[in-house]
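Student: Give me a model of this one.
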Amino acid sequence: MRHLTAISIAPNARGWQVHTRQARVLNIFDRVCNLINDSGEVLSIAATEIGNGPFNILLKGLEFSFLNYLEVGSPITVGINRVAIGEVMVDTHQAKPWSPCPDWEQLHALRDLIGTELLTLKDWIQPRAPTNSVIEYLKTQSVMQVIQDKSHEFFEAGWGLRQSSSYTIHPENAYSSGTRPSQTTLHTLASPKVDFVQPAFESARELCSSVIHAEIRGGNIAAQHLAGLGPGLTPAGDDFILGAILAARIIHPEELANILTKELAEAAAPLTTSLSAAWLRAAGRGEAGVMWHNFFAALSSGDQMAVQNAAVRLLAIGHTSGADTLAGFLSTFFFFINTRTDPCLF
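Tutor: Residues are numbered from 1 along each chain as shown. Next up is the predicted model:
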């Protein structure tokens, strides 16, 4: 038995331990193991370098790869202060609580300063984005201009396409809704004859516009169109929605933001993977990972170098996940800035 000690734990992760009766392994990576319980709630057990997150248990001194000790069928037992997965035991008794909610009230008060910092960041960050990420092509302030200028490149890159592989690589119960799309839907979504790119970016534009105008119905429809778009455990469409939700938290006062972001998250979550749904719902509750906390702190400071350093760390999350989330955040904020200065721009 390999014994591990947790150094920090998010409130949702502590709650997961308390009320979980049955769970299974959802995903295994070198430095992270994701579990899911019978209520569809996700718990991430992660090495220190991964950082704190809305449903994370952060470990001290993980000296081995989870891939060498765990498998999808590993048995799980859960207690209030421990989680056992196969031959790995995690002790959370002395783990310090970590709050996943940034100070949204303060960030909203600094909204104009943050907007100024983001405009400065835009041109700097675009050439540093990962290949085939959404932000790689975000060279203007308008998602609509991205559609017009770069739609063929997105089509070749496969962004905005519900590829059949994004369904076949996941087990039946990987979807947060508990059901897979119909065979007719799969056939339509996988068809190379359908141009997915233009509708996808029109939905991205509609999402940004709906967020800044607090149009819940339009935002929910756009989020449902984007949900699950792209391959991977957190598809690019979901990441874009996540970024838009985080931007909404800064753009709008807290009471309005609470309603709007929860609606967006719940509209998208049933249409994507369980892991991605967990991230969306966390954002809907006003929660974010530690690297976003650091990014917001840098934006609030007005320190351009700190902003750039924090942005680089976001870009390094996953293959393109961090960059795609940042694209949704920037796009929504730029829509907000442009609408304030020129309501007829779009």
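
Student: Next, Val25: phi, psi?
Tutor: Torsion angles at Val25 (phi, psi; degrees, to the nearest 10) stand at phi -80, psi 130.

Student: Just to check, it is in contact with Ile85?
Tutor: Yes - between Val25 and Ile85 there is a contact under CB atoms under 8 Å: 6.7 Å. For glycine as for every other residue, the C-beta is placed from the backbone atoms N, C-alpha and C.

Student: Need the residues touching each of those two.
Tutor: Shared contacts of Val25 and Ile85 (CB atoms under 8 Å, 6 or more residues apart in numbering): 33, 35, 70, 74, 76.

Student: Looking at these, which is nearest Ser274?
Tutor: Taking CB to CB as the measure, Ser274 sits nearest to Leu35 out of the shared contacts of Val25 and Ile85, at 10.5 Å.

Student: Leu326: what's it in contact with?
Tutor: Leu326 makes contact with 125, 135, 243, 311, 314-315 under the criterion CB under 8 Å, 6+ apart.

Student: again, but for Leu246
Tutor: So Leu246 contacts 283, 288, 292, 325, 328-329 (CB under 8 Å, 6+ apart).

Student: Just the buried ones out of those, please.
Tutor: 283, 288, 292, 325, 328-329 (16 or more other CB atoms under 10 Å).

Student: of those, closest to Ser8?
Tutor: Nearest member of those to Ser8, counting by CB to CB, is Ala288, at 15.2 Å.

Student: remind me, longest strand of this structure?
Tutor: strand 2-9 (DSSP state E).

Student: who does that one pair up with?
Tutor: Paired with strand 2-9 in the same sheet, following DSSP bridges, are strand 56-60 (antiparallel), strand 88-91 (parallel), strand 96-97 (parallel).

Student: Please pull up the helix or strand immediately following the last one.
Tutor: Translated: strand 96-97. Following strand 96-97 in sequence order, the next helix or strand is helix 104-109 (DSSP states H and E).

Student: what about dumping the CA coordinates of the next helix or strand after that following helix to CSV?
Tutor: With elements assigned by DSSP H and E, the helix or strand that comes after helix 104-109 is helix 111-125. Extracted in CSV, the C-alpha atoms of helix 111-125 (Å, rounded to 0.1, in the frame of the first residue of the first chain):
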residue,chain,number,x,y,z
ARG,A,111,-13.4,45.9,-14.0
ASP,A,112,-12.1,48.9,-16.0
LEU,A,113,-8.5,48.3,-14.9
ILE,A,114,-8.8,44.7,-15.8
GLY,A,115,-10.1,45.6,-19.2
THR,A,116,-7.2,47.9,-19.9
GLU,A,117,-4.7,45.1,-18.9
LEU,A,118,-6.4,42.6,-21.2
LEU,A,119,-6.2,44.9,-24.2
THR,A,120,-2.5,45.2,-23.5
LEU,A,121,-2.2,41.5,-23.2
LYS,A,122,-4.1,40.6,-26.4
ASP,A,123,-1.3,41.2,-29.0
TRP,A,124,1.4,39.8,-26.7
ILE,A,125,-0.3,36.5,-26.0
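
Student: so how far is helix 111-125 off the chain centroid?
Tutor: 21 Å (CA atoms, centre = their mean, to the nearest Å).

Student: one step back: from the chain's centre, how far out is the longest strand of the chain? Work that out for me.
Tutor: Computed by CA atoms, centre = their mean, the separation of strand 2-9 from the middle of its chain amounts to 25 Å.

Student: Ok, stretch 50-64 next?
Tutor: With CA atoms, centre = their mean, you get 18 Å for stretch 50-64.

Student: Equivalent analysis for stretch 285-298, please.
Tutor: Per CA atoms, centre = their mean, the centroid offset for stretch 285-298 relative to its chain is 12 Å.

Student: so for it, what's the average pLDDT?
Tutor: Mean per-residue pLDDT for stretch 285-298: 98.

Student: Check stretch 59-66 too.
Tutor: So the average pLDDT for stretch 59-66 ends up being 95.

Student: Between its first and last residues, how far does it reach?
Tutor: 12 Å (CA to CA, to the nearest Å).

Student: what's the answer for stretch 5-14, then?
Tutor: Using CA to CA, one end of stretch 5-14 lies 14 Å from the other.

Student: list the buried ones in it?
Tutor: So stretch 5-14, judged by 16+ other CB under 10 Å, has buried residues 6-10, 12-14.

Student: what do you get for stretch 122-132?
Tutor: 122, 125, 129-130, 132.

Student: Off-centre distance for it?
Tutor: The answer for stretch 122-132 is 18 Å, by CA atoms, centre = their mean.

Student: what does stretch 216-232 give?
Tutor: Using CA atoms, centre = their mean, the mean C-alpha position of stretch 216-232 is found 13 Å from that of the whole chain.

Student: Show me which pair in the contacts of Leu246 is furthest apart.
Tutor: Longest span within these, CB to CB: Ala288 and Gly328, 12.9 Å.

Student: Can you dump the C-alpha atoms of the helix or strand encompassing Ala223 in CSV for me?
Tutor: Per DSSP H and E, Ala223 falls inside helix 216-226. Presented in CSV, the C-alpha positions along helix 216-226 are these (Å, rounded to 0.1, in the frame of the first residue of the first chain):
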residue,chain,number,x,y,z
ILE,A,216,-30.0,34.2,-20.2
ARG,A,217,-32.1,32.5,-22.9
GLY,A,218,-29.7,33.4,-25.7
GLY,A,219,-26.7,32.5,-23.6
ASN,A,220,-28.1,29.1,-22.8
ILE,A,221,-28.9,28.3,-26.4
ALA,A,222,-25.4,29.4,-27.5
ALA,A,223,-23.8,27.4,-24.6
GLN,A,224,-25.8,24.3,-25.7
HIS,A,225,-24.5,24.7,-29.2
LEU,A,226,-20.9,24.9,-28.0
